[in-house]
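A.B. asks: Kindly return the folded structure for what I paste below:
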Amino acid sequence: MSQALIDAIRILRIELGIANERVAAAAGLLPRDLDILNVIDRDSPCTPSYLATRTGLKAATLTGILTRLEAKGWIERRTDPNDGRSVQLTSTDRFNELRDLYRSGDETVRALALRFDQAERQTITTFLTQVSDAVRTASAALPTKGDA
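C.D. replies: Residues are numbered from 1 along each chain as shown. Prediction:
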């Protein structure tokens, strides 16, 4: 992979991080809360155990975040119909507030994507999906010193 491509991915990561911090602030969330909420919305229904594994957060930290998100109406906890001892987490309709905050950026990306033909968009999508998977795998293997 060329250094220019690696640099472009790094810049994208930085810009997405900054944008997410601004979205979190506009929604009255902490950035980590926004990350957890986005995972719940994308992967729901999911369990707290799944979230702990997916994010690498400790159970105590995750419990506090989930309690805060539930109290503010962002998520719902329901008893798992297949296991009465477990709960499933889903986002609520309040997640539409976040969609509204992301809308301008999403529309800009859609317009940019139209500059490419269908085959090019599919190649870009495949590449970005593979980069995401690679980053997830690499970050899951990193040692952690806590949740701070």
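A.B. asks: Do a quick rundown of the helices in this protein.
C.D. replies: Using DSSP state H, the helices assigned to the chain run over residues 3-27, 31-43, 48-55, 59-71, 95-113, 118-140.
A.B. asks: quick one: contacts of the first one?
C.D. replies: The reference is to helix 3-27. Under the contact criterion CB atoms under 8 Å, 6 or more residues apart in numbering, helix 3-27 has outside partners 30-31, 33-35, 97-98, 101-102, 105, 131. (Glycine included, C-beta is placed from N, CA and C.)
A.B. asks: shaky segments in the protein?
C.D. replies: For the chain, the stretches with pLDDT under 70 are 1, 145-148.
A.B. asks: make it 50
C.D. replies: Judged against pLDDT under 50, the low-scoring parts of the chain cover residues 147-148.
A.B. asks: Scan it for its longest strand.
C.D. replies: Of all segments of type strand in the chain, defined using DSSP state E, the longest is strand 83-91.
A.B. asks: Between helix 31-43 and it, find me the angle.
C.D. replies: Angle, strand 83-91 to helix 31-43, by axes from the mean of the first three to the mean of the last three CA atoms, to 10 degrees: 110 degrees.
A.B. asks: Buried subset of the contacts of helix 3-27, written for ChimeraX?
C.D. replies: Buried residues within the contacts of helix 3-27, by 16 or more other CB atoms under 10 Å, are selected in ChimeraX with:
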select :33,34,35,97,98,101
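A.B. asks: quick one on the thing from earlier: tell me which of the helices of the chain sits nearest to residue 82.
C.D. replies: Distances from residue 82 to each of the helices of the chain were compared by CB to CB, and the smallest falls on helix 48-55, at 13.9 Å.
A.B. asks: Run through who's touching the closest one.
C.D. replies: Contact with helix 48-55 is made by 35-36, 39-40, 43, 46, 57-59, 62-63, 66, 86-87, 89, as judged by CB under 8 Å, 6+ apart.
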